[in-house]
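Asker: Quick one, fold the following:
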Amino acid sequence: MRKYLHVAIALALGLAFALTSAHVSAASRVSASTTPPKLKAGVSLTVWDYFCKTGQTTCPERDTEWTVIKQWEKISKDKVNFPTNPDNHDNKMCTAGPAKQGPDLVAGPHNEMGPMVACQTLSPVPAWAWSPTDKKKYIKAAIQSTTISGKSYSMPWAIETTGLFYNKALIKASAFAPAKGQKYLTWSKLIKTFQKLNVSNGLPFGWDQANFYFDYAFISGNGGYVFKYTKSGYDYHQIGLDSAGAIKGIKFIGDLNANGKYKLYPASMNDSTAGGLFTGGKLAAYYTGPWNEANFDAAHLNYGFAPLPSFDGTHPSRPFSGLQVYAINAFSAHKNEAASLMAYLTTHMQTPEFHTSGRIPVITSILNSKTVQKNAVAGGLAKAALAAAPMPNIAEMNQVWGPMGTAIGNVVTGKDTASAAAKAAVTQIKSDIAKAHGG
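Answerer: You can find the predicted model right below:
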């Protein structure tokens with residue numbers, strides 16, 4: 001799954017690209033009720049991606065991106081400058097865009113788009129580039145994560161989420177099977193398994209326990225939420241992090257460590273400790289994301305993946321998911337051509353990038369294809385992603401991370417109760433949001 005492949009694949013998925021002799025006709029996704037504009041040939045576009053960091057010498061995901069871009073160039077007769085990744089490019093967009101120093105297309109995780117929308121740097125995706133008919137071919141999270149205030153501001157091509165990576169030498173795959181009569185594995189069943197494990201000089205379970213990105217699965221699994229999701233998108237006025245369900249989830253997090261009820265790991269457990277133990281063969285199960293698979297492969301681990309357990313056996317766990325997207329610079333001189341490139345990239349990259357780096361596709365037919373599902377880890381991640389909750393994509397999410405990280409940190413170290421910590425965090429979040437809005 002990690003082997004790099006230069007792949008040029010035409011997706012036979014009904015996403016027919018209507019071409020003219022000189023250019024891609026409106027990104028080739030036109031429904032009966034939409035009319036594409038006439039696109040220019042011979043223009044030059046700039047792309048900011050996020051595949052190569054400073055000092056990185058090999059960038060297989062960018063190589064695959066570039067292969068697909070070159071395909072689009074041949075069809076469109078336009079040119080694309082080789083993609084770059086300026087430091088903090090998501091933050092720079094708010095100043096570079098208006099100054100006409102930004103790219104035509106910007107790529108990144110979907111949650112980075114909210115602040116760019118707030119500073120009016122992104123242009124909504126035109127209907128001819130991503131029609132209502134085409135959107136039906138995508139998983140639900142792909143639509144939800146790209147919608148802000150009722151408008152689509154980006155187009156997705158991959159999804160990632162988290163779950164349990166386990167060492168097959170330390171714990172059997174059957175440990176992650178649901179009990180008879182239940183649809184999903186429950187935490188109560190898995191905890192009993194963990195408590196019976198004897199990992200020499202190691203632990204049964206570990207994760208980054210005071211990181212809200214991971215904590216959210218326990219909150220949502222008990223009915224809590226960050227912002228209420230409505231038809232228009234996320235409503236930051238409605239916060240569910242101090243609800244009864246959220247408090248129950250936070251208490252459960254505190255109960256997992258040595259200060260709590262289950263005592264599965266030390267109260268000091270963090271991602272560095274968990275990652276080191278897992279790659280060293282001393283941790284049975286590691287709650288993390290697919291970005292660590294390269295480390296597992298390098299350590300020659302025989303590992304598997306299982307979605308996070310359910311609390312009631314009936315409803316799946318809902319950890320955060322992150323979508324990988326492209327968006328149009330509102331100040332681009334070539335927005336239509338940028339939209340054409342964006343539509344081509346986001347559809348034609350999905351299978352090649354899966355082969356290159358294991359990125360999980362968001363077009364339902366590709367996600368459910370044998371190509372993805374025949375890989376046990378990728379198939380498990382795809383299943384987990386379908387149940388996951390997209391991270392809120394509005395700018396107000398920036399005010400959530402700090403207070404919630406502090407709150408849960410205080411709970412896992414025994415400094416505060418779940419109820420008091422949650423209420424204090426929400427009070428702080430509301431205050432910080434008001435300040436961000438000039439209040």
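Asker: show me where pLDDT drops low in the stretch 1-150 of the chain?
Answerer: 1-33 (pLDDT under 70).
Asker: Strands of that one, start to end?
Answerer: Assigned by DSSP state E, counting those that start in this stretch, the strands in the stretch 1-150 of the chain fall at 44-45, 47-48, 79-80, 105-109, 122-123, 147-148.
Asker: and of those, who's closest to residue 189?
Answerer: strand 105-109 (33.0 Å; Cβ to Cβ). Glycine gets a C-beta too; all of them are placed from N, C-alpha and C.
Asker: Look up how far residue 365 lies from the most centrally placed residue in the chain.
Answerer: When the chain is reduced to its mean C-alpha position, the nearest residue by Cα atoms, centre = their mean turns out to be residue 322, at 1.2 Å. From residue 322 across to residue 365, the span is 22 Å (Cβ to Cβ, to the nearest Å).
Asker: same deal with residue 333?
Answerer: Residue 333 is 35 Å from residue 365, where distance means Cβ to Cβ.
Asker: ranges for the helices of the stretch 101-250 of the chain?
Answerer: With helices called from DSSP state H, counting those that start in this stretch, the stretch 101-250 of the chain shows them at 113-118, 132-135, 140-146, 187-196, 212-220, 244-256.
Asker: Out of those helices, which is closest to residue 312?
Answerer: Using Cβ to Cβ, the helices of the stretch 101-250 of the chain put helix 187-196 closest to residue 312, at 9.6 Å.
Asker: mind exporting the closest one as CSV, just the C-alpha atoms?
Answerer: The C-alpha coordinates for helix 187-196 follow below in CSV (Å, rounded to 0.1, in the frame of the first residue of the first chain):
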residue,chain,number,x,y,z
TRP,A,187,-15.3,-0.3,25.1
SER,A,188,-16.5,-2.4,28.1
LYS,A,189,-15.5,-5.6,26.2
LEU,A,190,-12.2,-4.3,25.0
ILE,A,191,-11.2,-2.9,28.4
LYS,A,192,-11.7,-6.4,29.9
THR,A,193,-9.4,-7.8,27.2
PHE,A,194,-6.8,-5.1,27.9
GLN,A,195,-6.9,-5.8,31.6
LYS,A,196,-6.1,-9.5,31.0
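Asker: Run the chain-centre distance for it.
Answerer: Per Cα atoms, centre = their mean, to the nearest Å, the displacement of helix 187-196 from the mean C-alpha position of its chain is 28 Å.
Asker: quick one: average confidence on that helix?
Answerer: Summarised as a single mean, pLDDT over helix 187-196 is 98.
Asker: Buried residues, it. List them.
Answerer: Buried residues in helix 187-196, defined by neighbour count with 16 or more other Cβ atoms under 10 Å: 187, 189, 190, 191, 193, 194.
Asker: and the last one, what is it in contact with?
Answerer: In this structure, residue 194 makes contact with 204, 205, 262, 264, 284, 285, judged by Cβ atoms under 8 Å, 6 or more residues apart in numbering.
Asker: quick revisit: I'd like the strands of the stretch 1-150 of the chain written out as TSV, with distance to residue 380 and mean neighbour count added.
Answerer: Supplementary listing: the strands of the stretch 1-150 of the chain in TSV, determined by distance: least, Cβ to Cβ, whole Å; neighbours: other Cβ atoms under 10 Å:
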stretch	distance to residue 380	mean neighbour count
strand 44-45	37	17
strand 47-48	32	23
strand 79-80	35	17
strand 105-109	21	24
strand 122-123	33	22
strand 147-148	27	23
